[in-house]
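Student: have a look at this prediction, sequence included:
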Amino acid sequence: MDLIKPMNMTLVRDAICQLLARERENQKEAAAAQGFSEAEIANLIDFVIYPKRLTFPDVSGMPCVFVYFNQVDFPAEQQDIYENYALGNLQIEFYAAGKTETGTDSRGNKIIVKTDEENAEDRLSYLTSQLYNILNCEANVSKGTDGVVNHSIIRKWERIKSPEDENSAVCVLGAAITLELGFLEPTSYLDAATIKDFYTTLEIREEYIDPFIKIILDNQN
């Protein structure tokens with residue numbers, strides 16, 4: 001008997017993480033080509049991706065993005081004994097932190113140039129733009145999942161953390177984008193060769209690969 005393999009929703013999640021990582025690197029290269037310094041790229045362009053972490057992140061790891069499914073529906077009229085069509089809510093949850101910038105006035109007095117809330121809000125706003133455009137630009141999601149996802153629409157953006165949630169020297173803000181993704185979930189067992197082809201074709205980094213799938217890939221070598 002064949003071993004039951006992970007569902008397509010796991011493959012899709014891993015592929016979306018790789019899509020975000022690839023486009024992030026492309027944007028860092030574009031920023032460098034346009035004269036951005038390394039510090040500016042680190043502060044304004046870069047972000048960390050967590051595919052399997054749901055606990056609140058440490059400020060040192062921000063800005064950061066969490067990728068996970070929080071709900072999957074299976075329409076009754078699109079089910080049969082071989083496969084069921086899945087409509088999944090993919091949550092793109094993200095956080096940005098800001099510190100207060102200080103300076104001196106003409107008399108040498110210390111002044112606040114930009115507050116921690118302003119810096120956090122500015123980074124969260126641009127991180128929203130980065131994620132929104134990557135996930136909605138042309139057929140990025142379909143291409144980024146090797147065609148497994150054949151339906152993708154954005155459902156909502158919402159703020160999930162505000163300054164009053166925490167009293168610290170650093171302001172942390174969070175938001176989430178909800179995508180509705182459509183894909184088939186086979187009821188027969190996925191063969192290991194198909195899974196390997198998926199991860200190899202998309203060049204998904206090891207850090208984004210589900211642990212069970214890593215075992216499958218290792219056994220295929």
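Tutor: All right, it came through fine. Since the model is a prediction, treat every value here as computed from it, not as a measurement. Numbering: from 1, shown residues only.

Student: all contacts plus neighbour counts: C-alpha atoms, from now on.
Tutor: OK.

Student: residue 20: how many residues sit nearby?
Tutor: Residues lying near residue 20 (other CA atoms under 10 Å) number 23.

Student: that one and residue 134 touch, don't they?
Tutor: Yes. Counting by CA atoms under 8 Å, residue 20 does reach residue 134; the two are 7.0 Å apart.

Student: all strands for the chain, in order.
Tutor: 48-50, 64-73, 83-98, 101-104, 110-114, 149-161, 171-186 (DSSP state E).

Student: which strands border the second one, and is each parallel or antiparallel?
Tutor: In this case it means strand 64-73. strand 48-50 (parallel), strand 83-98 (antiparallel) (DSSP bridges).

Student: which parts of stretch 181-196 are buried?
Tutor: By 16 or more other CA atoms under 10 Å, the buried positions in stretch 181-196 come out as 181-186, 190, 192, 195-196.

Student: may I ask which two of those residues are separated the most?
Tutor: Greatest spatial distance in those: 181 and 192, 23.7 Å, computed using CA to CA.

Student: circling back to that earlier point, identify, from the buried residues of stretch 181-196, the entry nearest to residue 13.
Tutor: Closest approach to residue 13 among the buried residues of stretch 181-196 (CA to CA): residue 181, at 10.6 Å.

Student: poorly predicted segments of this structure, please.
Tutor: Counting by pLDDT under 70, the chain shows low-confidence ranges at 1-3, 53-55, 101-108, 111-113, 162-168, 189-190, 220-221.
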